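> After the sequence you'll find the predicted model.
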Amino acid sequence: MTKVLLALSVFGPALIAALGVPLALGKVPPNGTYGYRTARSLGSPETWYQMNRVAGLTMIWAGLAALATACLVWLLLDVSPEAKVGLSTAALAAAAAAIVVVPFFLGPRP
């Protein structure tokens with residue numbers, strides 16, 4: 001059971017970082033499914049790519065930071081597996097918040 005919890009703690013942040021790569025590289029065209037979709041980002045293709053570059057880079061860095069946190073928690077802390085999952089989930093939640101907030105403030109202004 002502990003190995004499953006560890007895998008889940010590591011999988012989420014790694015997935016977030018991986019999903020950020022195509023956005024950061026400008027490989028995702030405007031769409032209604034994948035990317036940083038707001039009224040502002042969907043306003044023009046140029047704004048879409050600028051906002052999604054910021055969002056993608058944020059996803060990569062936030063995902064890697066949450067992944068590093070999860071690894072450190074699982075390797076260094078002498079607490080229950082449930083506590084380790086809780087701390088790893090908190091890091092993942094902080095990463096998700098950064099992914100929403102950072103592009104809003106660092107993306108292009110109208």
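Happy to help now that I have it.
> Where do the strands of this protein begin and end?
With DSSP state E as the definition, the chain shows no strands.
> From the centroid of it, which residue is nearest?
Central residue of the chain (CA atoms, centre = their mean): Met59, 3.5 Å from the mean position.
> Who's the closest spatial neighbour of that residue, skipping the chain neighbours?
Using CB to CB, 6 or more residues apart in numbering and skipping the chain neighbours, the partner closest in space to Met59 is Gly20 (2.7 Å). Backbone N, C-alpha and C define where each C-beta goes, glycine included.
> So what's the residue count around the one you found?
By other CB atoms under 10 Å, 22 other residues sit near Gly20.
> Can you report the mean pLDDT over the residues of the lengthiest helix in the chain?
Longest helix of the chain, by residue count under DSSP state H: helix 45-76. Averaged across helix 45-76, pLDDT comes to 94.
> buried residues in that helix?
By 16 or more other CB atoms under 10 Å, the buried positions in helix 45-76 come out as 47-67, 69-70, 73-74.
> One more: stretch 77-93?
Using 16+ other CB under 10 Å as the test for burial, stretch 77-93 gives 84-85, 87-88, 91-92.
> follow-up on the earlier one: my guess is the residue nearest to the centre of the chain contacts Ala14. True?
No. Applying CB atoms under 8 Å, one finds Met59 not in contact with Ala14, separated by 11.3 Å.
> Name all residues that make contact with the closest residue to Ala65 other than its chain neighbours.
Computed as CB to CB, 6+ apart, the closest residue to Ala65 that is not its neighbour in sequence is Ala95, at 6.5 Å. Counting by CB atoms under 8 Å, 6 or more residues apart in numbering, Ala95 touches 13, 16, 62-63, 65-66.
> Determine which two of those are furthest apart.
The span of the contacts of Ala95, defined through CB to CB, is set by Ile16 and Ala65 at 10.1 Å.
> Quick check: phi and psi at the spatially closest residue to Arg37 that is not a sequence neighbour.
Once flanking residues are discounted, Arg37 sits nearest to Asn31: 8.0 Å by CB to CB, 6+ apart. Backbone geometry at Asn31, expressed as degrees, to the nearest 10, gives phi -160, psi 170.
> Many thanks, we can stop here.
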